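Peer 1: 3D, please:
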Amino acid sequence: MTASIPSLRYELKFVANGPGLNEVLAFVKRHPSAFRESYPARAVNNIYLDSPGRGDYHDHVNGVGNRSKTRIRWYGEPRGVIERPTLERKVKRGVVSGKENHPLPVFCMNGGSVNAPVQAAISSAKLPEMLQLALRQREPALFNRYHRHYFVSGDGRFRLTVDSGLKFAGVAPKIFPLPANPAVIVELKFGPEFADDASLVTNVMPFRVARFSKYVAGIERM
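Peer 2: Numbers count the residues shown, from 1 in each chain. I've put the predicted structure just below:
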């Protein structure tokens, strides 16, 4: 959709299926890398957009090296007036990822139809022409919501998030709930320049590295 991808970085995910949130947070705070909270915890909401044939889903499942996901993200309450939504296009290029962010106008989520307010917000947004054209081939495919804690290492080189309470909902023709995922997801994020030292962080992790996508997990629950 665009010629360049900003801020390419590594993203490693760990899935904690047994330990609860409090246990995971306690471990992170004891980690030798001296992780400290960098931002207040908050609820994250996403509406994923995909082609009618769910091409982004299939690209991920099939391990396509160059792939993307498109979503609308906002924080706080899942319904009502959504005041600061952002269109995010997340791209994967081999082992690194990048993300584009574009602000969207206010829209309303009332538990009914999702497609109409989403398409209206996209149509009235100031987006690059190529992105607008690409979005015409996308439709709302999934809603998810989770609670996120934010950390940064003592030296500032590594960021870490802890996601819990992962819930899903289908969006066609209107929102309907899907089974939740009880796992706690830990994600380590760092720039390519710090890759050589990443093992100092990952080798201490008691959780397994996993190829986990919240979007894929939600689609498979449908």
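Peer 1: Could I have the CA atoms of stretch 209-222 written out in CSV?
Peer 2: Only the C-alpha atoms of stretch 209-222 are listed here, as CSV (Å, rounded to 0.1, in the frame of the first residue of the first chain):
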residue,chain,number,x,y,z
VAL,A,209,8.0,-18.8,22.5
ALA,A,210,5.0,-19.1,20.3
ARG,A,211,3.8,-18.1,16.8
PHE,A,212,0.6,-16.5,18.1
SER,A,213,-1.7,-14.1,16.4
LYS,A,214,-4.8,-12.7,18.2
TYR,A,215,-6.5,-12.2,14.8
VAL,A,216,-5.9,-15.8,13.8
ALA,A,217,-7.0,-17.1,17.2
GLY,A,218,-10.2,-15.2,16.9
ILE,A,219,-11.0,-16.2,13.3
GLU,A,220,-10.4,-19.9,14.3
ARG,A,221,-13.0,-19.5,17.1
MET,A,222,-15.6,-18.6,14.4
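Peer 1: For residue 202, give me its contacts.
Peer 2: With contacts defined as CB atoms under 8 Å, 6 or more residues apart in numbering, residue 202 is in contact with 12, 188, 209. Any C-beta I mention is one placed from the backbone N, CA and C, and that applies to glycine too.
Peer 1: Highest neighbour count among those residues?
Peer 2: residue 188 (22 neighbours; other CB atoms under 10 Å).
Peer 1: After the host helix or strand of that one, which helix or strand is next?
Peer 2: Here residue 188 sits within strand 184-190, counting by DSSP states H and E. The element immediately downstream of strand 184-190 (helix or strand, assigned by DSSP H and E) is helix 199-202.
Peer 1: Let me know the closest of the contacts of residue 202 to residue 38.
Peer 2: residue 188 (13.5 Å; CB to CB).
Peer 1: Now do the strands in the chain.
Peer 2: 10-16, 36-50, 66-75, 80-82, 86-93, 96-103, 107-109, 139-152, 159-170, 176-181, 184-190, 208-209 (DSSP state E).
Peer 1: Let me see the residues that make contact with the shortest one.
Peer 2: By that I understand strand 208-209. 12, 13, 14, 15, 202.
Peer 1: I'd like the strands of the chain written out as a markdown table, with mean pLDDT and distance to residue 26 added.
Peer 2: Converted to a markdown table, those look like this (pLDDT from 0 to 100; distance: least, CB to CB, whole Å):
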| stretch | mean pLDDT | distance to residue 26 |
| --- | --- | --- |
| strand 10-16 | 95 | 12 |
| strand 36-50 | 98 | 13 |
| strand 66-75 | 96 | 25 |
| strand 80-82 | 96 | 34 |
| strand 86-93 | 95 | 30 |
| strand 96-103 | 94 | 28 |
| strand 107-109 | 94 | 35 |
| strand 139-152 | 97 | 12 |
| strand 159-170 | 97 | 11 |
| strand 176-181 | 94 | 21 |
| strand 184-190 | 97 | 12 |
| strand 208-209 | 85 | 18 |
